[in-house]
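In: starting from these lines, generate the structure:
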Amino acid sequence: MDLAAKKAAARVDALARRARCNPAWGARLAEHVLEECPPPKDAVIAGFWPLDGEINILPLLTGLADRGYQLCLPVTPTRGEPLIFRSWTPGDVLEAGRFKTLHPKAEIPAIPDFILTPLLAYDRFGHRLGYGAGYYDRTFTALPNAYRLGCAFSAQQLEHVPHGPHDTKLHAIATETGVVSFQNPN
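Out: Next up is the predicted model:
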């Protein structure tokens, strides 16, 4: 089976695993990140507006905003480009984007150095499986020094995530059960 077919099969498995989870467990994820893996005080943090079925990281984003962090959310550009980020504060007006995403309406650019990353699956080595368009991998390449923290349910962990040379590893994963750091993410 080629890499694309392996990734497609892993996505089906990951979506089934995720469907058995409760997005509200994101409150536990927030507690773990704020206690075990808080970003540096001067970090610009890229969050994401959770899609239907994803772990809800809004409690984490609110907690970070309450602690004075500068936040931003991604805007999904045309295929083949890295994500664009706009400054965001809880309560700001959002507008619909590509792939059912939401992003800030105000076009205030931001460059994150700590990226909260959505995913479909991850493994114990720090590999992540996204939705397949490559936006986050291109963004990681464009921002090589940014810290990459995956956000998911613990049930989304697979024994092995199929990956290729353009797939960038995470520094750590945060779930409702805790935060796990990975060795040699680069």
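
In: so what touches the helix or strand where R28 lies?
Out: Assessed by DSSP states H and E, R28 sits inside helix 26-36. Defining contact as CB atoms under 8 Å, 6 or more residues apart in numbering, one finds that helix 26-36 is touched by 50, 55-60, 62-64, 67, 149, 151, 174-179. Glycine gets a C-beta too; all of them are placed from N, C-alpha and C.

In: OK, contacts around the residue lying closest to E159 once chain neighbours are set aside?
Out: Nearest residue to E159, sequence neighbours excluded (CB to CB, 6 or more residues apart in numbering): D123, at 6.6 Å. The contact partners of D123, taken as CB under 8 Å, 6+ apart, are 157-161.

In: flag every buried residue along the lengthiest helix in the chain.
Out: Taking DSSP state H as the criterion, the chain has its longest helix at helix 3-19. Neighbour-count burial for helix 3-19, counted by 16 or more other CB atoms under 10 Å, picks out 6-7, 10-11, 14, 17-18.

In: which regions of this protein sit below the pLDDT cut-off?
Out: 185-186 (pLDDT under 70).

In: quick one, strands of it?
Out: Assigned by DSSP state E, the chain shows strands spanning 44-46, 70-75, 84-88, 94-96, 102-104, 114-118, 121-122, 128-129, 147-151, 172-175, 178-181.

In: most packed of those?
Out: strand 121-122 (a mean of 26; mean count of other CB atoms under 10 Å).

In: what helices or strands is that strand leaning on?
Out: Helices and strands touching strand 121-122, as assessed by 3 or more CB pairs under 8 Å, 6 or more residues apart in numbering; DSSP states H and E, comprise helix 3-19, strand 128-129.

In: what sits up against the last one?
Out: Meaning strand 128-129. The contact list for strand 128-129 (CB under 8 Å, 6+ apart) reads 7, 10-11, 14, 117, 119-122, 136, 150, 158, 161-163, 167, 169-170.
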